[in-house]
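# Can you look at this prediction? I've put the sequence above it.
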Amino acid sequence: MVAAGGASLALFVAACGGGGDDGGDGGDGGETAAAFEIDCAPYEEFGDLEGTEVTVYTSIVDPEAEAHQASYEQFEECTGVTIQYEGSREQEAQLPVRVQAGNPPDIAIVNQPGLLNTLVTQYDAVVPAPEQTEANVDEFFAEEWKAYGTVDGEFYAAPYDANVKSFVWYSPAMFADAGYEVPTTLDELMTLSQTIADSGALPWCAGVESGDATGWPGTDFIEDMVLRTAGPDVYDQWYKHEIPFNDPQITEAWDAAGAILKNPAFVNAGLGEVNSIATTTWSDAGFPILDGTCWMHRAANFYQAQWPEGTEVAEDGDVWAFYLPAETTEEKPTLVAGPFIAAFNDRPEVQAFQTFLASSDWANAKAVATPAGGWVSANNGLDPELLATDFDRLAAETLTDEATVARYDASDLMPSEVGAGSFWTGIVDWLTGAETQAVVDQIESSWPS
Amino acid sequence: MSTTPTPPVTDADAAATPAPRSRGVSDRARIARKRLSNPWASGIALVLAVLWTIPTLGLLVTSFRPELEIRRSGWWTIFGDVFSGEAQFSLDNYETALFGSSTNLGSYFLNSIVITLPAVIIPITLALLAAYAFAWIEFPGRDFLFVAVFALQIIPIQITMIPLLSAYVSAGVAGTFWTVWLSHSIFALPLAIFLLHNFMKDIPASLVEAARVDGAGHVKIFFRVMLPLLVPAIAAFGIFQFLWVWNDLLVALVFTGATPDVAPLTVRVAELAGSRGGDWPVLSAGAFISMVVPLVVFLGLQRYFVRGLLAGSVKG
């Protein structure tokens, strides 16, 4: 124990020696970001902001946080504003506490439209976005995205970045060796799954375990299927509860997902039986692809960052992803998600920063400041060439594709009793043996009136 | 406490004295030892100790395994692997936990110390004074006040968070160390006063009276008579409070947030898993780094810990 104490003391001393540079400058990130110049003119109309400070509260922590901080540098240089960045994984729980205690940050990056809605309607704490920000959003974002940042007709929050969830990860080498083609329709996908199953292998691997949020990866799967079998219009009615959760069209989508997730001939490759999906950590569930025991894993673009170090994510590399196909090749419904920028203060420096974050300048600066990749935005002013990896370009293309019909993650739009409650637990019940009808009835009955 | 060492002593005496005369004593000693040390009880205690240590052992083993191994197999497989020579160990987790971000763990370590020391010293100081008053100074409403203070323990700290935070905001100390120091002191005081009061009350009144007869006032009695006798109790409560504050996440998270200037180690360790929780293998190393200090403190002061615990309950 003495040795351990000594060692910790040594670490402590060493840490103190290097502790001087906590300016949040992300090393490489900072240097490369400096290469991207922005136009300072849009921020002059907010007056002289030199020496002011804006606090930002997010749920994005290191290592990703470094790139976010680096992407604000040009704005800081332009205006002289200091951005105080604070990231905490508990942000979703802590933000309402701070708001109620009268201590909100200037800007919070809110992860769901549902939380934004709560902050606006219950706490009356969010200030509407300034017109300059709104003009930027009108210019650079699709209407759907603006709508998710709008509450009761008032525009509050610009979109921050974006996740694209409709992807299926696979090993290009395994596909090439076996002579399989990337499927382009849902039928082809099912046929391919059957072909693989006939060859004696299990085609799919999946996992929905995620601590106290266990179940969410499964809700994404269902949502993707609703978009495909029932269509975007039904999807909108579904999350708004204009049709019940146990509507036959929704049940059909669950069964379509069940044709993969609950089919013992299809899952759970390299991990166990069907019910092992419920206990496999979502971030590890695709790893059997690397071992060659699993063929396909449906996961969002941010799964790119989950692959173990040294995994080559490329079209000719270890892993790559294809778009989860729809019923025909013409339609391209895509499940997306992403945080929004809510402001709790209307000081000019806060409004200037909001405007900056909604601009294409920020999107491009962020792309440059993220050399490791794993980041995209729905901002259509984003230059795909600046994105760090081919996969990010694929995700960005999917977002901006004319044929793409983007729909926000429904579980984030539903009331939290369902979207972060019974929908999640329903997934676990469903994967561990419950019948589809029983599960959707149960979720419907939990919908708050 | 005094009963445990007795049997061996009498046993030794019995061995030294001629056998026939001390037959009764040695029998009684044997019976006493038998009653006090039941092999079943020892067995259960041992099993409990092992069971309770297994998670920590698992954490320790995990923290030295490479990330991919952690994700692929459980820590217990290491024992088979060690024999087959396939076991892999690495310090990568510790490196990532310590230096893997823009602000290294050192500054959080410092914050933890800056938070913990006053958060231990303030409540002990206040509680000592209050406990003395409750135990040895007669004043009207003393019993009622004492019960009221003790009853404060019933209030769960969770419901105090938002009102306290708004109080700090209006006092202008939000986001500083004061918020955690004050909060931890507030939460610790009822139990501290109660424990120290009970201990002070157990000190024979004749001692205090003798001091008074000799002309000592309250201040002198407190410093010369009480304090030296209270050292084990203070140390015991100090360890309690130290462990509680050092391991606290909730209070620190609510009042300091996650800013590197004031956030303690626990807050940082909770963030180690990354924005989406995908880096959880690093957590094992982070947890161990933050465990080192309380372990050292506990092992260093455990003598007082056991003594103080018993002193409060089964004194004499």
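Good, I have the coordinates. Please read all numbers here as calculations on a predicted model, not as lab measurements.
# from here on, contacts and neighbour counts on C-alpha atoms
Fine.
# Spell out which residues of the stretch 201-316 of chain B are next to chain A.
Applying Cα under 8 Å from any Cα of the partner chain, we find that the stretch 201-316 of chain B lies next to chain A at B:254, B:257-259, B:270-272, B:274-275, B:278, B:289, B:292-293, B:296.
# Rebuild these as TSV, extending it with neighbour count, distance to residue A:211 and pLDDT.
Putting these into TSV (neighbours: other Cα atoms under 10 Å in any protein chain shown; distance: Cα to Cα, whole Å; pLDDT from 0 to 100) gives the following:
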residue	neighbour count	distance to residue A:211	pLDDT
B:254	21	21	89
B:257	27	22	78
B:258	25	21	76
B:259	19	25	80
B:270	19	13	85
B:271	25	14	85
B:272	29	15	85
B:274	22	14	81
B:275	20	13	81
B:278	19	11	75
B:289	20	23	88
B:292	16	26	86
B:293	19	28	87
B:296	15	31	87
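# Please produce CSV containing those residues, extended by secondary structure and distance to residue A:330.
As requested, those are exported to CSV (DSSP: H, G, I helix; E, B strand; the rest coil; distance: Cα to Cα, whole Å):
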residue, secondary structure, distance to residue A:330
B:254, helix, 50
B:257, coil, 48
B:258, coil, 47
B:259, coil, 48
B:270, helix, 45
B:271, helix, 43
B:272, coil, 43
B:274, coil, 38
B:275, coil, 35
B:278, coil, 35
B:289, helix, 55
B:292, helix, 60
B:293, helix, 61
B:296, helix, 66
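# Show me which of the residues you listed is closest to residue A:99.
When those are compared for distance to residue A:99 (Cα to Cα), residue B:254 wins out at 11.7 Å.
# Quick check: the closest one touching residue A:94?
Yes. Using Cα atoms under 8 Å as the test, residue B:254 is close enough to residue A:94 to be in contact (6.7 Å).
# Which residues does stretch A:410-428 contact?
Stretch A:410-428 has contacts (Cα atoms under 8 Å, 6 or more residues apart in numbering or on different chains) with A:112-114, A:213-216, A:218-219, A:223, A:239-240, A:278, A:439-440, A:442-443, A:446-448.
# so where is the stretch 1-150 of chain B shaky, pLDDT-wise?
B:1-25, B:101-103 (pLDDT under 70).
# where along the stretch 101-250 of chain B do the helices fall?
Secondary structure of the stretch 101-250 of chain B, counting by DSSP state H, counting those that start in this stretch: helices at B:105-136, B:142-151, B:161-171, B:177-202, B:205-213, B:218-220, B:227-247, B:250-256.
# Buried residues in the longest one, which are they?
Spelled out, that is helix B:105-136. B:105-113, B:115-124, B:127-128, B:130-135 (16 or more other Cα atoms under 10 Å in any protein chain shown).
# got it, and the fourth one?
With burial defined by 16+ other Cα under 10 Å, the residues of helix B:177-202 counted as buried are B:177-185, B:187-200.
# so that helix versus helix B:105-136, what angle?
40 degrees (axes from the mean of the first three to the mean of the last three Cα atoms, to 10 degrees).
# now helix B:177-202, how far from the centre of its chain.
14 Å (Cα atoms, centre = their mean, to the nearest Å).
# any idea of the mean pLDDT for it?
The pLDDT scores in helix B:177-202 average 92.
# Give me the phi and psi angles of residue A:184.
Main-chain torsions, residue A:184, degrees, to the nearest 10: phi -120, psi -10.
# who touches it in this structure?
A:325-326, A:328-329.
# please redo it, this time with the cut-off set to 7 Å
Residues in contact with residue A:184 (Cα atoms under 7 Å, 6 or more residues apart in numbering or on different chains) are A:325, A:329.
# again with residue A:376
Neighbours of residue A:376 in contact, by Cα under 7 Å, 6+ apart: A:161-162, A:392, A:396.
# next one: residue B:128
Contacts of residue B:128 by Cα under 7 Å, 6+ apart are B:193, B:196.
# again, but for residue A:267
By Cα under 7 Å, 6+ apart, the contact list for residue A:267 reads A:202-205, A:261, A:273-274.
# Excluding sequence neighbours, find me the nearest residue to it.
residue A:204 (5.1 Å; Cα to Cα, 6 or more residues apart in numbering or on different chains).
# burial measure for that neighbour, as a count.
30 (other Cα atoms under 10 Å in any protein chain shown).
# helix/strand/coil for the closest residue to chain B within the stretch 151-300 of chain A?
For the stretch 151-300 of chain A, the nearest residue to chain B under the criterion Cα to the nearest Cα is residue A:283, separated by 5.6 Å. Recorded secondary structure, residue A:283: coil (DSSP: H, G, I helix; E, B strand; the rest coil).
# List buried members of the contacts of stretch A:410-428 by neighbour count.
For those, a burial check counting by 16+ other Cα under 10 Å picks out A:112-114, A:214-216, A:218-219, A:223, A:239, A:278, A:439-440, A:442-443, A:447.
# What about those, which are in helices?
Secondary structure from DSSP state H places A:113-114, A:216, A:218-219, A:223, A:239, A:439-440, A:442-443 of the buried ones among the contacts of stretch A:410-428 in helices.
# Throw the residues of the stretch 201-316 of chain B next to chain A into CSV and include distance to residue A:105, thanks.
Converted to CSV, those look like this (distance: Cα to Cα, whole Å):
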residue, distance to residue A:105
B:254, 13
B:257, 11
B:258, 12
B:259, 12
B:270, 21
B:271, 19
B:272, 23
B:274, 22
B:275, 19
B:278, 27
B:289, 31
B:292, 34
B:293, 33
B:296, 38
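# re the thing from before, reformat the ones in helices among the buried ones among the contacts of stretch A:410-428 into TSV and put distance to residue A:126 next to each item.
Formatted as TSV, these follow (distance: Cα to Cα, whole Å):
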residue	distance to residue A:126
A:113	13
A:114	13
A:216	27
A:218	32
A:219	29
A:223	29
A:239	24
A:439	36
A:440	34
A:442	34
A:443	31
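# Return only those of these found close to chain B.
Contacts with chain B are made by none of these, judged by Cα under 7 Å from any Cα of the partner chain.
# Lowest-confidence entry in those residues?
The model is least sure about residue A:114 among those, giving it 86.
# Kindly reformat the contacts of residue A:376 as TSV containing distance to residue A:228, pLDDT and neighbour count.
Shown next, in TSV, are the contacts of residue A:376 (distance: Cα to Cα, whole Å; pLDDT from 0 to 100; neighbours: other Cα atoms under 10 Å in any protein chain shown):
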residue	distance to residue A:228	pLDDT	neighbour count
A:161	24	90	20
A:162	21	92	22
A:392	23	93	24
A:396	21	91	25
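# Could you export the residues you listed to CSV, including columns for secondary structure and distance to residue A:54?
Compiled in CSV, the contacts of residue A:376 are given as follows (three-state DSSP; distance: Cα to Cα, whole Å):
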residue, secondary structure, distance to residue A:54
A:161, coil, 19
A:162, strand, 23
A:392, helix, 30
A:396, helix, 29
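# how about those, which pair is most distant?
A:161 and A:392 (12.3 Å).
# Check whether residue A:380 sits in a helix, strand or coil.
From three-state DSSP, the assignment for residue A:380 is coil.
# contacting residues around the residue of the stretch 201-316 of chain B found nearest chain A?
Using Cα to the nearest Cα, residue B:275 is the residue of the stretch 201-316 of chain B that sits closest to chain A, at 5.1 Å. Residue B:275 sits next to A:59-61, A:89 when contact means Cα under 7 Å, 6+ apart.
# Which ones, among these, also lie beside chain B?
Within the contacts of residue B:275, those near chain B by Cα under 7 Å from any Cα are A:59-61, A:89.
# Kindly present the residues you listed as JSON lines, with separate columns for secondary structure, distance to residue B:223 and neighbour count.
Below are the ones next to chain B among the contacts of residue B:275 laid out as JSON lines (DSSP: H, G, I helix; E, B strand; the rest coil; distance: Cα to Cα, whole Å; neighbours: other Cα atoms under 10 Å in any protein chain shown):
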{"residue": "A:59", "secondary structure": "coil", "distance to residue B:223": "50", "neighbour count": "22"}
{"residue": "A:60", "secondary structure": "coil", "distance to residue B:223": "52", "neighbour count": "22"}
{"residue": "A:61", "secondary structure": "coil", "distance to residue B:223": "49", "neighbour count": "23"}
{"residue": "A:89", "secondary structure": "coil", "distance to residue B:223": "47", "neighbour count": "22"}
